[in-house]
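Enquirer: Would you be able to build a 3D model of this:
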Amino acid sequence: MDAVRVALLREVLAGTQWPAAARRFAGSLRRSVVPAGGNLLLVGTEQYEPWHLAAHLVDEAAWSGLPELAPTLVRHHVRAGEPPHLSVGLSRLEAVRRGHTLLVVAPERPGAGLLERVHDARRAGATVLALDGGDPDLGTLAHEALSVPGPGSRSGSRSGSGSGSGSGSVPDSGAELDLDTMQHLVSAAAGENSLPAQRGPRRFRDRLARLADQLTAPPPSRW
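Expert: Sure thing, here's the model as predicted:
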C-alpha cells in the first residue's frame with residue numbers, strides 16, 4: 001500500500017478511532033527505539049511472518065531519516081542459502097536485553113514456545129510491543145498492545161498498556177479492519193515527524209509535498 005492509499009484509508013476511517021490508535025502505538029514504537037539507537041526485533045507466529053511490515057518499516061526508516069525504525073526480522077524457519085537479513089532465527093531472541101524492543105505480530109493465538117520467549121525477553125529488560133488479534137496472554141506480556149479482532153469477533157479492540165494497566169478498547173465504529181491494514185497505518189505513522197495538526201491550506205500543501213517525495217523516492221533495495 002503506497003502513501004496515497006494510506007492517506008485515503010485515513011480519510012475513510014476518519015470517523016473511527018483506528019487512525020488515532022495506530023498513531024498512539026506508532027508513537028510508543030518510536031519512543032522505544034529512537035533513544036535506544038534502534039535494536040528493533042520483529043517477530044510473527046509460526047503461521048504468520050510479518051515480512052511486509054518489515055519492508056514498510058525499512059521504507060519509513062529511509063524516508064523519515066530515522067534508521068532506528070528499520071527492524072531485524074526474526075523468523076521461525078530459516079532455509080539455507082537465504083540472504084543475511086532473512087536468516088535470523090528465533091535464537092536471536094535469547095540475546096535481547098534492556099534497550100531492545102521486541103515487536104510481536106500475531107493475527108492468531110501465538111504458540112506456547114513464542115510466548116515463553118517473549119516472557120523471557122521482557123524479564124531481560126526488553127520493551128515488548130504487540131500487534132495482535134486480541135490474545136490475552138500476549139496482551140499481558142506486552143508493555144503496549146494494539147489488537148484488531150478477527151472477522152466475526154464482537155470483543156472490540158484493545159489499545160493500551162499491557163499487564164492490565166491502562167488497557168482500553170476501541171469502540172465498534174462499523175468500520176471493519178484487518179491486521180494487515182493496521183500494519184500499514186502503524187508503519188506510516190511511525191515514519192511521520194509529528195502528529196497531524198488541524199489542517200489548513202499550508203498543512204495540506206506540506207502533506208502533498210511529502211506524499212510526492214515518498215512516491216518518487218527509490219525504494220530501499222534490501223527487500
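Enquirer: low-confidence ranges in this protein?
Expert: For the chain, the stretches flagged by pLDDT under 70 are 1-2, 151-175, 193-223.
Enquirer: And the residue nearest to Y48 when sequence neighbours are not counted, how close does it get to A142?
Expert: Residue nearest to Y48 in three dimensions, not counting chain neighbours: P107, with 5.4 Å by CB to CB, 6 or more residues apart in numbering. C-betas here are computed from N, CA, C, even on glycine. Going from P107 to A142 by CB to CB, to the nearest Å gives 15 Å.
Enquirer: Neighbour count for these two, which is higher?
Expert: A142 (28 against 20; other CB atoms under 10 Å).
Enquirer: Would you agree that one is in contact with V104?
Expert: Yes - A142 is within contact range of V104, at 7.2 Å (criterion: CB atoms under 8 Å).
Enquirer: what about T72, neighbour count?
Expert: T72, neighbours per other CB under 10 Å, totals 15.
Enquirer: quick one: it and V88 touch, right?
Expert: Yes - look at T72 against V88 with CB under 8 Å: they come within range, at 5.7 Å.
Enquirer: Just the buried residues of stretch 106-124, please?
Expert: 106-107, 109-110, 114-115, 117-118, 121-122 (16 or more other CB atoms under 10 Å).
Enquirer: Which single one of the residues you listed is nearest to S28?
Expert: Closest approach between those and S28, by CB to CB: R122, at 14.8 Å.
Enquirer: how about that closest one, secondary structure?
Expert: Put simply, R122 is helix when judged by DSSP: H, G, I helix; E, B strand; the rest coil.
Enquirer: got it, and L41?
Expert: Applying three-state DSSP: L41 is strand.
Enquirer: any idea how far A145 lies from H77?
Expert: From A145 over to H77 (counting by CB to CB), the distance is 25 Å.
Enquirer: Mind jotting down where the strands sit in the chain?
Expert: All strands of the chain, identified by DSSP state E, fall at 40-43, 72-74, 101-106, 127-132, 144-147, 157-161, 168-170.
Enquirer: A145 and H77: who's more crowded?
Expert: Using other CB under 10 Å, the more surrounded residue of A145 and H77 is A145, with 27 against 8.
Enquirer: Please tell me how far R123 sits from L115.
Expert: Distance from R123 to L115, by CB to CB: 13 Å.
Enquirer: And for R75?
Expert: 17 Å.
Enquirer: again with A106
Expert: Counting by CB to CB - A106 and L115 are separated by 9 Å.
Enquirer: Name the residues contacting each of those two.
Expert: Contact criterion CB atoms under 8 Å, 6 or more residues apart in numbering; residues shared by A106 and L115: L138.
Enquirer: Number of residues surrounding the closest residue to V34 other than its chain neighbours?
Expert: Leaving aside its chain neighbours, V34 sits nearest to E68 (4.9 Å; criterion: CB to CB, 6+ apart). Residues near E68, counting by other CB under 10 Å, number 19.
Enquirer: Same check on the one 10 residues further on?
Expert: For V78, the number of neighbouring residues by other CB under 10 Å comes to 14.
Enquirer: pretty sure L138 contacts P107?
Expert: No - L138 is beyond contact range of P107, at 11.2 Å (criterion: CB under 8 Å).
Enquirer: Spit out the residues that contact those two alike.
Expert: D132.
Enquirer: For the residue nearest to T181 when sequence neighbours are not counted, give its distance to L53.
Expert: Distance criterion CB to CB, 6+ apart; nearest residue to T181, sequence neighbours excluded, is L9 at 7.0 Å. According to CB to CB, L9 stands 16 Å off from L53.
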